[in-house]
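Chemist: Give me a 3D structure for the following:
(chains A and B)
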Amino acid sequence: GIQVEQSPPDLILQEGANSTLRCNFSDSVNNLQWFHQNPWGQLINLFYIPSGTKQNGRLSATTVATERYSLLYISSSQTTDSGVYFCAGGSSNTGKLIFGQGTTLQVKP
Amino acid sequence: ETGVTQSPTHLIKTRGQQVTLRCSSQSGHNTVSWYQQALGQGPQFIFQYYREEENGRGNFPPRFSGLQFPNYSSELNVNALELDDSALYLCASSGTPRGLNEKLFFGSGTQLSVL
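Modeler: Numbers count the residues shown, from 1 in each chain, chains lettered A, B, ... in the order given. Next up is the predicted model:
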């Protein structure tokens, strides 16, 4: 099955700093999503991005499908960005998403 | 607010007991998926239901079962609870069974503790 590897596992930033989170896939996926899990456990969908680049405010994501990786950029980080970021991928013949182990982000004031 | 609601939010059970978790899908969504998230791990796919039929299953034993109702709400049932079943159980709804071209929206989850 598809393996999903996220890096780095942990990240500590000062408020205002920028960061890049990476997600590598062992096989091709055509359903790729990024999520933010807040300290209360709620999983918030950030992007559906099987290929290309999307931006939403201070967040943007780029997926290079041919090289099986995706990047999540966080600019001008805020303390509310703290939490765990997951990428998840799946193939076209199933709705199943395989999640990575996550990147735990802590933004300090 | 995703429109996906789960109940209860927390639950404590004893090993060997049975539990039922509930999920109400976002309006207009006919597909529901259940995930198990152990502490410090990413969510793992349990199964998916589409129009009241199971439409894919992850690597979970048969004591994990589900139902989807005509209004597309869903239940996850776990029999003969084991200590390792302690986890956050997440429900997600989507408008299509393959989830292509659309985001997956999750509920807030049910935190299950098995003692």
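Chemist: only C-alpha atoms for contact and neighbour calcs from this point on.
Modeler: Fine.
Chemist: need the residues of chain B near chain A, please.
Modeler: Those residues of chain B that sit near chain A, judged by Cα under 8 Å from any Cα of the partner chain, are B:40-45, B:47-48, B:56, B:97-109.
Chemist: Can you turn the buried part of those residues into a PyMOL selection?
Modeler: Buried residues among those (16 or more other Cα atoms under 10 Å in any protein chain shown), as a PyMOL selection:
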select buried, chain B and resi 42+43+44+45+47+48+56+97+98+99+100+102+103+104+105+106+107+108+109
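Chemist: Among the residues of chain B next to chain A, which lie within strands?
Modeler: Among the residues of chain B next to chain A, the members falling in strands (DSSP state E) are B:Gln44, B:Phe45, B:Phe47, B:Gln48, B:Gly56, B:Phe105, B:Phe106.
Chemist: And the residues you listed, which is closest to B:Ser74?
Modeler: Taking Cα to Cα as the measure, B:Ser74 lies nearest B:Gln48 of those, at 10.0 Å.
Chemist: In space, what's closest to that closest one - neighbours in sequence excluded?
Modeler: B:Ser33 (4.2 Å; Cα to Cα, 6 or more residues apart in numbering or on different chains).
Chemist: A:Thr80 now?
Modeler: A:Val107 (7.7 Å).
Chemist: for the most centrally placed residue in chain B, what are its contacts?
Modeler: The centroid of chain B falls nearest to B:Trp34 when counting by Cα atoms, centre = their mean (2.9 Å). B:Trp34 makes contact with B:Phe45, B:Ile46, B:Phe47, B:Gln48, B:Leu76, B:Tyr89, B:Leu90, B:Cys91, B:Ala92, according to Cα atoms under 8 Å, 6 or more residues apart in numbering or on different chains.
Chemist: what's the closest of the residues you listed to chain A?
Modeler: Set against chain A, the nearest of the contacts of B:Trp34 by Cα to the nearest Cα is B:Phe45 (6.4 Å).
Chemist: since we're on the nearest residue to the closest one once chain neighbours are set aside, how many residues are nearby?
Modeler: Excluding its sequence neighbours, the residue lying closest to B:Phe45 (Cα to Cα, 6+ apart) is B:Tyr35, at 4.5 Å. Neighbourhood size, B:Tyr35 [other Cα atoms under 10 Å in any protein chain shown]: 24.
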